[in-house]
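Q: Sequence plus the predicted model coming up.
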There are 2 protein chains.
Amino acid sequence: MQAKDMSDPDYVAAVTDLLGLLAYGELAGYTRLTASAQLAPTLLQRAETCRMAVTEFKQYERLAARLTEIGRNPQQAMQPFVQVLDWFHTQTSPSDWWESLINIYVGDGIARDFYLEMSSFVDPETAGLIRSVFADRGQAEFVLTEVRSACELNPALSGRLALWARRMVGEALSQAQRVSAERDSLPQLLLGGDDGLDLEGVGKLFDRLTARHQARMAALGMAA
Amino acid sequence: MQAKDMSDPDYVAAVTDLLGLLAYGELAGYTRLTASAQLAPTLLQRAETCRMAVTEFKQYERLAARLTEIGRNPQQAMQPFVQVLDWFHTQTSPSDWWESLINIYVGDGIARDFYLEMSSFVDPETAGLIRSVFADRGQAEFVLTEVRSACELNPALSGRLALWARRMVGEALSQAQRVSAERDSLPQLLLGGDDGLDLEGVGKLFDRLTARHQARMAALGMAA
């Protein structure tokens, strides 16, 4: 795969997979966030969480619209990723409000960082869409305020949530590995072509993702 | 209660209750619809249902904004209705996609008709908002198409769904009765003041709601 334009059928297939993964990620994220909102201790926090969920649905719609624009059926493009993402959400189903906040902060944080990295390997129009969809939505501030004040009142919570965050990362890595093994087109986006990553490049990508994750955990006062 | 304007504290209390009920109704409806979307047989139907849910959230936001505008806290205004509406949704939790469609069509249909009736008893600005929020959203067409074609393929489904619709109506009536017993301000909106309903007026209101419900059921090919 050399060209990053729509005249190359291999590239179109790869970008269809990427957009399908991202679109279903947002649709499933919307559903998860709406369910998590039910765990909120107050109506204000519940409404705020629903507002974040609705934003995810809007981003799903933009990604689906891009698929339609390049002549692909959004539902067909999402289908290969339904099982793996649903499994991820089942494995990381929060048992309380605080775990659900860690899901938003840690899980969505890593996913967003990774998708923004992927945007360097696609055509400018798709890249612009991905950067806009996964721009910082200010969700982190909401979570930081909530979790920090709860951990001050209850220091034992901090240890439990740090463990939960580790579980999120482990599941995310394990599912990412499954996706890349099953859909060869996606690692090829990163590794193929003249600007593809070599082994060192992949290592550096993981270093950047790790550094950002550690910074997020440090902001919570937790070790990664 | 004579005046229908914001200089009358009794009227403000009543309209706060009404807007609180409607706002929580939309917020809870959003949550229910998003959960129902998970029952959809295809991603297309699921996305369509989520889109309807997101519309309910937007309507919740408009009702909450109106509460803020009249100097009331939306969360406080919604609080008295949380338990009764959550109970309603628990009692009418659909076990499959078809039941969830009947919830949308029958439950939301009756609620919308009732709220539009209520709009005749409030100040023009609140009335305009309620009429706009509960304007026909075209959800009925989606449900009609889905349910009709499913019942053609499986005639036994029709009888089951007609029973389910009856259960929805029974629960709705029972919860409406609870709300009006607990929050005296709401029946007073309908019954108090110079333009309040008398016994005959209440009877006619129920006749109109019944006729519209029967028309909806007839459109499904079912008896009410």
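A: Perfect, thanks for sending it. Bear in mind the structure is a predicted one, so any value in this text is a computation, not a measurement.

Q: Look up which helix or strand the closest residue to A:Thr42 other than its chain neighbours falls in, please.
A: Closest residue to A:Thr42 apart from its sequence neighbours, by CB to CB, 6 or more residues apart in numbering or on different chains: B:Gln75 at 6.8 Å. (Each C-beta comes from the backbone N, C-alpha and C, glycine too.) Using DSSP states H and E, B:Gln75 maps to helix B:74-91.

Q: How far away from the center of its chain is that helix?
A: Taking CA atoms, centre = their mean, to the nearest Å, one finds the center of helix B:74-91 at 13 Å from the center of the full chain.

Q: Pull out the buried residues from that helix.
A: Residues of helix B:74-91 classed as buried: B:Pro74, B:Gln75, B:Ala77, B:Met78, B:Pro80, B:Phe81, B:Val82, B:Val84, B:Leu85, B:Phe88, B:His89 (neighbour count, 16 or more other CB atoms under 10 Å in any protein chain shown).

Q: Can you pull the poorly scored residue ranges out of chain A?
A: Applying pLDDT under 70 to chain A flags residues A:1-3.

Q: Which residues of it lie near chain B?
A: A:24, A:27, A:30-31, A:34-35, A:37-38, A:42-44, A:46-47, A:50-51, A:53-54, A:57-58, A:60-61, A:64, A:74-75, A:78-79, A:82 (CB under 8 Å from any CB of the partner chain).

Q: ok, of those residues, which come out buried?
A: By 16+ other CB under 10 Å, these give A:24, A:27, A:30-31, A:34-35, A:37, A:43, A:46-47, A:50-51, A:53-54, A:57, A:60-61, A:64, A:74-75, A:78, A:82 as buried.

Q: And the residue nearest to A:Glu61 when sequence neighbours are not counted, how far from B:Ser158?
A: Excluding its sequence neighbours, the residue lying closest to A:Glu61 (CB to CB, 6+ apart) is B:Arg51, at 7.9 Å. Going from B:Arg51 to B:Ser158 by CB to CB, to the nearest Å gives 27 Å.

Q: Quick check: which element contains A:Gly25?
A: Mapping A:Gly25 onto the secondary structure by DSSP H and E places it in helix A:9-37.

Q: for the helix or strand following that helix, packing partners?
A: Beyond helix A:9-37 on the C-terminal side, the first helix or strand identified by DSSP H and E is helix A:43-69. Using 3 or more CB pairs under 8 Å, 6 or more residues apart in numbering or on different chains; DSSP states H and E as the contact test, the elements touching helix A:43-69 are helix A:9-37, helix A:74-78, helix A:124-133, helix A:139-153, helix B:9-37, helix B:43-69, helix B:74-91.

Q: would you turn those into TSV with distance to A:Ala111?
A: Putting the helices and strands packed on helix A:43-69 into TSV (distance: least, CB to CB, whole Å) gives the following:
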stretch	distance to A:Ala111
helix A:9-37	7
helix A:74-78	16
helix A:124-133	11
helix A:139-153	12
helix B:9-37	20
helix B:43-69	19
helix B:74-91	31
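
Q: Quick one: closest of those to A:Ala172.
A: For A:Ala172, the closest of the helices and strands packed on helix A:43-69 is helix A:9-37, at 11.2 Å, according to CB to CB.

Q: May I see the buried residues of that closest one?
A: Applying 16+ other CB under 10 Å to helix A:9-37 flags A:11-37 as buried.

Q: when you compare where that helix runs with where helix B:43-69 runs, what's the angle?
A: Helix A:9-37 and helix B:43-69 are oriented at 50 degrees to each other (axes from the mean of the first three to the mean of the last three CA atoms, to 10 degrees).

Q: Run the chain-centre distance for helix A:9-37.
A: For helix A:9-37, the distance to the chain centre is 9 Å (CA atoms, centre = their mean).

Q: same thing with stretch A:183-198?
A: The chain centroid and the centroid of stretch A:183-198 are separated by 19 Å, computed with CA atoms, centre = their mean.

Q: CA-only coordinates of it in PDB, if you can.
A: Provided in PDB are the C-alpha atoms of stretch A:183-198 (Å, rounded to 0.1, in the frame of the first residue of the first chain):
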ATOM      1  CA  ARG A 183      -8.100  -7.100  10.600                       C
ATOM      2  CA  ASP A 184      -4.800  -7.100   8.800                       C
ATOM      3  CA  SER A 185      -5.700  -3.800   7.100                       C
ATOM      4  CA  LEU A 186      -5.300  -1.800  10.300                       C
ATOM      5  CA  PRO A 187      -1.700  -2.700  11.200                       C
ATOM      6  CA  GLN A 188      -0.900  -2.200   7.500                       C
ATOM      7  CA  LEU A 189      -2.100   1.400   7.800                       C
ATOM      8  CA  LEU A 190       0.600   1.900  10.500                       C
ATOM      9  CA  LEU A 191       3.300  -0.300   9.100                       C
ATOM     10  CA  GLY A 192       2.900  -0.300   5.300                       C
ATOM     11  CA  GLY A 193       3.900   2.300   2.700                       C
ATOM     12  CA  ASP A 194       6.800   4.700   2.500                       C
ATOM     13  CA  ASP A 195       5.900   6.500   5.700                       C
ATOM     14  CA  GLY A 196       5.100   3.300   7.600                       C
ATOM     15  CA  LEU A 197       6.500   2.700  11.000                       C
ATOM     16  CA  ASP A 198       9.600   0.500  11.500                       C
END
